[in-house]
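S.K.: could you look at this predicted model? Sequence included:
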Number of protein chains: 4
Amino acid sequence: MASTLIDSRIFQGIFASDAMRQVWSDENRTQKYLDIERALALVQGRLGLIPQDAADEIASHCTIEQIDMDKLRQQTERIGYPILGVVSQLNALCRDKLGEYCHWGATTQDITDTATVLQIREGLALVENDLAGIAKALAKLAKEHRLTPMIGRSNLQQAIPVTFGYKMAGLLSAIQRHQERLAQLKERVLVGEFAGAAGTLASLQSGAMQTQAGLCAELGLKQPVIAWHTIRDNIAEVGTFLGLVGGTLGKLSMDVKLMMQTEVGEVFEPYHHGRGSSSTMPQKRNPISSCYIHAAISVVRQHSAALMDAMVADHERSTGPWEIEWIVLPEAFCLMAGALKQSLFVLEGLEVDADAMRRNIEMTGGLVMSEAVMMGLGPYIGREVAHDLVYDLCRESLAKKLPLLELLAAHPEIAKHVDRAALQRMLDPANYLGQSGVMVDRVLARM
Amino acid sequence: MASTLIDSRIFQGIFASDAMRQVWSDENRTQKYLDIERALALVQGRLGLIPQDAADEIASHCTIEQIDMDKLRQQTERIGYPILGVVSQLNALCRDKLGEYCHWGATTQDITDTATVLQIREGLALVENDLAGIAKALAKLAKEHRLTPMIGRSNLQQAIPVTFGYKMAGLLSAIQRHQERLAQLKERVLVGEFAGAAGTLASLQSGAMQTQAGLCAELGLKQPVIAWHTIRDNIAEVGTFLGLVGGTLGKLSMDVKLMMQTEVGEVFEPYHHGRGSSSTMPQKRNPISSCYIHAAISVVRQHSAALMDAMVADHERSTGPWEIEWIVLPEAFCLMAGALKQSLFVLEGLEVDADAMRRNIEMTGGLVMSEAVMMGLGPYIGREVAHDLVYDLCRESLAKKLPLLELLAAHPEIAKHVDRAALQRMLDPANYLGQSGVMVDRVLARM
Amino acid sequence: MASTLIDSRIFQGIFASDAMRQVWSDENRTQKYLDIERALALVQGRLGLIPQDAADEIASHCTIEQIDMDKLRQQTERIGYPILGVVSQLNALCRDKLGEYCHWGATTQDITDTATVLQIREGLALVENDLAGIAKALAKLAKEHRLTPMIGRSNLQQAIPVTFGYKMAGLLSAIQRHQERLAQLKERVLVGEFAGAAGTLASLQSGAMQTQAGLCAELGLKQPVIAWHTIRDNIAEVGTFLGLVGGTLGKLSMDVKLMMQTEVGEVFEPYHHGRGSSSTMPQKRNPISSCYIHAAISVVRQHSAALMDAMVADHERSTGPWEIEWIVLPEAFCLMAGALKQSLFVLEGLEVDADAMRRNIEMTGGLVMSEAVMMGLGPYIGREVAHDLVYDLCRESLAKKLPLLELLAAHPEIAKHVDRAALQRMLDPANYLGQSGVMVDRVLARM
Amino acid sequence: MASTLIDSRIFQGIFASDAMRQVWSDENRTQKYLDIERALALVQGRLGLIPQDAADEIASHCTIEQIDMDKLRQQTERIGYPILGVVSQLNALCRDKLGEYCHWGATTQDITDTATVLQIREGLALVENDLAGIAKALAKLAKEHRLTPMIGRSNLQQAIPVTFGYKMAGLLSAIQRHQERLAQLKERVLVGEFAGAAGTLASLQSGAMQTQAGLCAELGLKQPVIAWHTIRDNIAEVGTFLGLVGGTLGKLSMDVKLMMQTEVGEVFEPYHHGRGSSSTMPQKRNPISSCYIHAAISVVRQHSAALMDAMVADHERSTGPWEIEWIVLPEAFCLMAGALKQSLFVLEGLEVDADAMRRNIEMTGGLVMSEAVMMGLGPYIGREVAHDLVYDLCRESLAKKLPLLELLAAHPEIAKHVDRAALQRMLDPANYLGQSGVMVDRVLARM
């Protein structure tokens, strides 16, 4: 029985991905505990800190199948943390009391934190993969529509033409930076924890730092400079990273939603029979994926603040702040996996209606070309004078519902400097795409 | 396989309660859909809007056992919402196409919103019950320890004595207000939704308002004044209510954590063997429940902001904001159920060490009575002069590690007005509990 | 020199209101301190706790003009709180050391909290006033446009017709509930604080509760049941109230922004020359006020979470959480004052283009009437069959760009049951406004 | 008249710094506008896009003193943005209509965004400077107290000894990572904006990219790859950076608060007469700076979420999301400047009481050494057996109030393996500091 949407039998495929849910599952988390206990035993056996026999025996029992999960739940509810339960079960599995050597010198949080980092590594790999897919899909759209004119909008008002490729390239530039951020933060966050009760490794009278180094190497993690049981900037940074990626996906979904409006109709989420259909309004084509993205990233943004709250940890092992991470990390990763999946689905199958884009440019009878006209007239009559003049003629065009061209051509001051044909050229959108293509190229060059 | 802590096989008993998880389960949600479709059919049958035969046939199939949940998942992933799937399955269950009359005039969100309100009603009933339990436990502690002296602390500095009962009564006063808030918000939020595609009930050419009224009556909900598909202050208010209750539980857990410190040791969470024990530090007695409370309410606070974000809905049916509620409501309720459960556990079994409280009052050698002395000297030498004088003597007492009484008795200006015996009386904590008992009584009188 | 937008010489009129800024100004806050010290002295004089002479002398100096604000800043930076500085200046202003009797039995936080409540009372009065204005403007629009048809939108897709009055009435229903919430929370929050160092009033050996009662009465506040120095649900509730109101204004601004889109053009923010104009695009008419509303309430929503964080207070006087309120309350109130002001401006001057609304209904060639057709055909061929049939014809209409009427009339199964004229009636929006008017009336009846 | 604490005459020195307030002042912001207009004119003059005469004339008027700020406020309130007002005033200042050439090809947001980046650069420089100061102070403390023993605490329970230097080094490791993050994000965020109405630079028919490159070079900023008017990950990242730094300062303040408790008394914020004093409790020494830090960073954390909300921008120029940044950025920077200042003050003047630290280690009669004993006994009787045994003896020691040593020495199973002298060595904290010193060295090595 699931009560969250992430784990819901009905909704889990919408608000999360199977792969990401697996990363944060009880089974994977517990297996990570075992992986670490195994690695620890092997390293300490190698270093001669525990008998090689014990190391081998322990290592042989570190698979999730050997753990009684119901018993683990009872142990966890009694003790408050699952590690002692896992260690105690592992111990019991070993012959000849060799299990006594497992968890040697470690504290609960060492195992939990390192497991979390291993889960984060898997989670970030999935994010990285999705970012690459999204970047590829955006690049494809940017290239294909490098010079497909559409109206640019400012304050939800038609402004001047841009290209659809330019719009996609803007999003792509953010994804590229997210990829850069991810590479940088992995250096900081993929670090093991092995520090003992208060972080000093006092529990190991010899071989402490060697064990730490060996354990991290065994797990493919970096060795920490110092214990980070209550120094949590790295974990919080993961949250902010997810939140930032979410912001970009939110912008994507916002634009798709707006472009899919009945009155706009420029792009459409991929369609298959019944998708996004309403139980009562057969004509609708809902931006379903965009809805899910919008919702998921709104929650992740708040999770990101909660993870900063978790940084306000007390002393050497915190009293509550740490547990914030337990709750938030799985949800933030799963919701982002859902949002990334939906974004990828939207981008890979996006239907682009270039004709509708063109129609929308033309719907104002030339008003959206007013800046072009203003800039064109500037050299003759001055930029600000041109601005005020065109501004007034636009109002007149709106009020009298007359095409801007007629009013411009009829204006004596303008007629002094430019003729109707020149005005018409100024009013052609194809002549006013500016650096759209150049900017697309600049972004694509970074792929 | 669960990936959230709320649904985790290992942690679900810690961060949520079974009862609350059941409220937000797929099964209960889907049953609520069916309850509403059933009530709708019955009401419309009664009103003659659909054939009585159809109403009866539909009603007979509205149990969760008749729904194929795997199929529902597929339908939901294809369409985006589960309602159409439920309706279609229900339709198929009915003989002679009578199922065509189910969902008559309703839209997806009508069923979803009303189901959510029914779940909220169940969820709030659980919260109400826990609040009553917590109030009772606090009242018991307040009464028992009405005059048990302990040091009051300001800025984490020992200030002047209070009583432990007074401390509990302060928390109780907040719980009482939460109970008042709950009663008030139920009037606003326990309201049905039945409004059709854009909220106008245009789908029913006759009997629209009667159906709405009848449906709400059948479900024990209030009739809405107007459709609230995108007017979500009520849902957000539920979130803020949970967040506010969380704040109070957070204050409780903060105080318990601080009082359980090794250096303070005044109260203890209930103990049973192994609870809150460390894998490495056998002497520790961890405030486990307080940790969980602290973490859960930190997340719920942010959920509350997310629900306000969900209010920024577009037009008649929103595009994303609504789905924020889907994610957040179950989690906020479940986490609060966990926090309430842990709080109740702490309060019902709290160990109070009155001796330790007394010892802590005395540890500063009288300094915590300095206000008492200052107020006692005020009438003789003026409040501010007394303040400055006592202030300086306190510093001297700290610096020279001399009892304050000695310094006071030796001061010539003071000796002019009061003798040593009078000073000693001023320094006795039992004489400086102020209105602690009176305030306890005032709060208890409201139970 | 101001660094926040709220206090900016340039922006203060946009993101705040003068009246609200005055409420939270240094001058008003300090005057509130003095008002309380004055009331305290008068009450204690009356009760014979301090000499009447002292009470009169103190009362005569409780005006902001007598306070040296620069000195107060220095005192505050040295001590950490301004109260001791104010008391010390007040003391110095009094003749014959009578000032020693001021602040008698009070602690810093008593004065600060009570001053905050007095400021909240003034702030809420401004909010209440604006809510009344907004309710009035919404009611006017709802009444005037009770039956002005416009398209209802779901998922940003045209759905079925509603009326503009219905849309305004929905918002109005939320404002009405906010007014109810405000009335209820004032009962909880407009409560004085006078409790001494740890809340027990030990500082007053006699007349403690009488002083508390008298002081609160003098200031027009309710007497607290118990000290609330660290029981902050009431303050946080003020924050959530502002956040909830913000959510409703956010929904208003969202709809205005969307309706002002060039492609939609149904309503417009009030216009005066240059307002919302662009430096480069003279044709634009920006939803400036809606932008400001959107931004302000996004921040207030987060402030509301910060105030819940402030509830996690330690012991009898908190160490940091309290100061969160200091920062957040003025900003939340000021930003909301800005948002309310902008909302009022928008609603009082809103230009409604009923013709454009009509045009938009008609732009899909009848598709938005598909539900009406489906409901009309339901009695003949079954609801679900009708749904699927109409659904398919809508897709065909979209694909072939043919009016829905033609396809319906040409369909043999439909032709069996209804003729072209009947279909045409089903397709007329005026016949499909449902209970829009009834719902408007229900909301207006609550004014 | 100021209404925010940041600009308050009384509180501005507490919750912000003068230097940071200057950065975000109206005056500096407006001067930045002028700097950019000046640079733009000079670059375009150089490129021959505008007359050199015009460039020189414009450049000569780009100082804040020539701007009428009252008029600017009126213009801003009328138009909604200040840029058009500045441009219009600048134009009017120029002789012979040469001012018409200013703002050539730019749009409002180009100037605003670039000004914001220039302010961010100044703001980050101040943050960088404070981080360096804090790192230095932490390094000094870490070095001085490399081996000063204190008790490590887990779950607010005394756990095992650490050193004070180790505690400081942990914080230092986070500051070092913040410095790394800052260096990395500056590469992304210190980028100019010059893109015209919809980001395509269509406004410049020639020299568009050269102008962009030249302008950025002139201002010492990087050239953008593509317009970022509505691609705001960089701005949001600045917010998350501030939030992350805040988390670390929050941890610092939490530990200082806890260590300053009357019952703990291990460190003290710097003292000068009256600082942190109470109006009623002369003995108190309040952690005033820690309070301010705690409060400020709690708010900044929420600001960080608001900046992510601002990323959900619509189309080419957003309708509300952008304005979130206007409100939040100045406040987040100012509050962080306050928190950094207070942190620096605390760390540079921190009083460390090594004797008290030692006393606290000893207060449990050896219980905090139980892990040491357990690890010491492990090789003889097995780790888990040792754990259970010591665990039970600790409980007995607590219950009977007997020193742990006595119980250990008296235990027959233990006596078999180790004698009293060996037990005494196991119980000496100095022998159980583990890798504290090594870890300090590892962190210091990165300075």
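M.R.: Here it is on my side, so go on. Note that the structure is a prediction, hence the values are computed from the model and not measured.
S.K.: how about low-confidence regions in the stretch 251-400 of chain A?
M.R.: A:272-283 (pLDDT under 70).
S.K.: around chain D, which positions in it sit nearby?
M.R.: By Cβ under 8 Å from any Cβ of the partner chain, the residues of the stretch 251-400 of chain A that approach chain D are A:251, A:254-255, A:258, A:294, A:297-298, A:301-302, A:304-305, A:308-319, A:371-372, A:375, A:378, A:382-385. For every residue, glycine as well, the C-beta is placed using N, CA and C.
S.K.: try it again at 6 Å.
M.R.: Within the stretch 251-400 of chain A, the positions lying close to chain D (Cβ under 6 Å from any Cβ of the partner chain) are A:251, A:254, A:258, A:301-302, A:305, A:308, A:311-317, A:319, A:371, A:375, A:382-384.
S.K.: just the stretch 51-200 of chain A next, same as before
M.R.: A:91, A:97, A:100, A:152-156, A:159-160, A:162, A:169-170, A:173-174, A:177, A:184, A:188, A:197-198, A:200.
S.K.: hang on, the earlier thing: restrict the residues of the stretch 251-400 of chain A next to chain D to contacts with chain B.
M.R.: By Cβ under 6 Å from any Cβ, the members of those lying near chain B are A:302, A:305, A:319.
S.K.: tell me which entries of these lie within helices.
M.R.: Using DSSP state H, the members of those that fall within helices are A:302, A:305.
S.K.: I'd like the ones next to chain B among the residues of the stretch 251-400 of chain A next to chain D laid out as CSV, including neighbour count.
M.R.: What follows is those, written out as CSV (neighbours: other Cβ atoms under 10 Å in any protein chain shown):
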residue, neighbour count
A:Q302, 30
A:A305, 34
A:T319, 29
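S.K.: now distance to A:M336 too, for the ones next to chain B among the residues of the stretch 251-400 of chain A next to chain D, in TSV please.
M.R.: As requested, those are exported to TSV (distance: Cβ to Cβ, whole Å):
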residue	distance to A:M336
A:Q302	13
A:A305	15
A:T319	29
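S.K.: thinking again about what came up before, what subset of the residues of the stretch 51-200 of chain A next to chain D is buried?
M.R.: A:91, A:100, A:152-156, A:159-160, A:162, A:169-170, A:173-174, A:177, A:184, A:197-198, A:200 (16 or more other Cβ atoms under 10 Å in any protein chain shown).
S.K.: can you pull out the strands in the stretch 301-447 of chain A?
M.R.: Along the stretch 301-447 of chain A, counting by DSSP state E, counting those that start in this stretch, strands occupy A:351-352.
S.K.: in which helix or strand would I find the residue most central in space within chain A?
M.R.: By Cα atoms, centre = their mean, chain A has its centre lying nearest to A:V245, at 3.2 Å. Element membership of A:V245 [criterion: DSSP states H and E] is helix A:233-259.
S.K.: next secondary structure after that helix?
M.R.: That would be, after helix A:233-259 and using DSSP H and E, strand A:267-268.
S.K.: partners of that next one in the sheet?
M.R.: Using DSSP bridges, the strands paired with strand A:267-268 are strand A:351-352 (antiparallel).
S.K.: from the rest of the structure, what touches the partner strand?
M.R.: A:267-268 (Cβ atoms under 6 Å, 6 or more residues apart in numbering or on different chains).
S.K.: repeat that for stretch A:32-40.
M.R.: A:59, A:62, A:86, A:102, A:111, A:114-115, A:118, A:215, A:218-219.
S.K.: out of these, which comes closest to D:I134?
M.R.: For these, the closest approach to D:I134 (Cβ to Cβ) belongs to A:T114, at 28.6 Å.
S.K.: how about that closest one, what does it touch?
M.R.: A:36, A:192-193.
S.K.: ok, A:L40 to A:L84 distance?
M.R.: Note on A:L40: its distance to A:L84, by Cβ to Cβ, to the nearest Å, is 15 Å.
S.K.: comparing the two, which shows the higher neighbour count?
M.R.: Legend: neighbour count by other Cβ atoms under 10 Å in any protein chain shown for A:L40 and A:L84, higher for A:L40 (32 against 23).
S.K.: looking at this, that one is in a helix?
M.R.: Yes: per DSSP: H, G, I helix; E, B strand; the rest coil, A:L40 lies within a helix segment.
S.K.: which residues touch A:L244?
M.R.: Residues near A:L244 by Cβ under 6 Å, 6+ apart: D:233, D:236.
S.K.: next: A:P270.
M.R.: Per Cβ under 6 Å, 6+ apart, neighbours of A:P270: A:G349.
S.K.: and it, which of the three is it?
M.R.: coil.
S.K.: residues in contact with stretch A:291-308: which ones?
M.R.: A:14, A:236, A:239-240, A:242-243, A:246, A:249-250, A:253, A:324, A:328, A:332, A:335-336, A:338-339, A:342-343, B:298-299, B:302, B:305-306, B:309, B:319-320, B:323-324, B:327, D:243, D:247, D:301-302, D:305, D:308.
S.K.: and A:G133, how far is that from A:S343?
M.R.: Distance, A:G133 to A:S343, using Cβ to Cβ: 9 Å.
S.K.: comparing those two, which residue is more hemmed in?
M.R.: A:S343 (30 against 16).
S.K.: how close does that one get to C:L182?
M.R.: For A:S343 relative to C:L182 (Cβ to Cβ), the value is 41 Å.
S.K.: re earlier: near chain C, from the buried ones among the residues of the stretch 51-200 of chain A next to chain D?
M.R.: A:155-156, A:159.
S.K.: one step back: for the contacts of A:T114, give me JSON lines that also has secondary structure, pLDDT and neighbour count.
M.R.: As requested, the contacts of A:T114 are exported to JSON lines (DSSP: H, G, I helix; E, B strand; the rest coil; pLDDT from 0 to 100; neighbours: other Cβ atoms under 10 Å in any protein chain shown):
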{"residue": "A:I36", "secondary structure": "helix", "pLDDT": "98", "neighbour count": "28"}
{"residue": "A:G192", "secondary structure": "coil", "pLDDT": "98", "neighbour count": "25"}
{"residue": "A:E193", "secondary structure": "coil", "pLDDT": "98", "neighbour count": "25"}
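S.K.: from the contacts of stretch A:32-40, which single one is nearest chain B?
M.R.: Nearest to chain B among the contacts of stretch A:32-40: A:I111, at 8.9 Å, using Cβ to the nearest Cβ.
S.K.: the closest one: what secondary structure?
M.R.: Of the three states, A:I111 takes helix under three-state DSSP.
S.K.: follow-up on the earlier one: among the residues of the stretch 51-200 of chain A next to chain D, which are located in helices?
M.R.: A:91, A:169-170, A:173-174, A:177, A:184, A:188.
S.K.: now for the residues you listed: which two are most distant?
M.R.: So, those by Cβ to Cβ: farthest apart are A:N91 and A:A169, at 57.8 Å.
S.K.: phi, psi for the residue nearest to A:G152 when sequence neighbours are not counted please.
M.R.: Excluding the flanking residues, the one nearest A:G152 by Cβ to Cβ, 6 or more residues apart in numbering or on different chains is D:A198, at 2.9 Å. Main-chain torsions, D:A198, degrees, to the nearest 10: phi -120, psi 20.
S.K.: how about the residues of the stretch 1-150 of chain A near chain B?
M.R.: A:1-10, A:13, A:21, A:24-26, A:69, A:72-73, A:76-80, A:82, A:84, A:107-108.
S.K.: now those residues: which count as buried?
M.R.: Neighbour counting with 16+ other Cβ under 10 Å marks A:1-10, A:13, A:21, A:24-26, A:72-73, A:76-80, A:82, A:84, A:107-108 as buried within these.
S.K.: what about A:S290, distance to B:S318?
M.R.: Counting by Cβ to Cβ - A:S290 and B:S318 are separated by 12 Å.
S.K.: just the angle for the helix or strand where A:A115 lies relative to helix A:233-259, thanks.
M.R.: A:A115 is part of helix A:108-144 when elements are defined by DSSP H and E. Counting by axes from the mean of the first three to the mean of the last three Cα atoms, to 10 degrees, helix A:108-144 points 30 degrees away from the direction of helix A:233-259.
S.K.: pLDDT (mean, whole number) over helix A:108-144?
M.R.: On average, the pLDDT along helix A:108-144 is 98.
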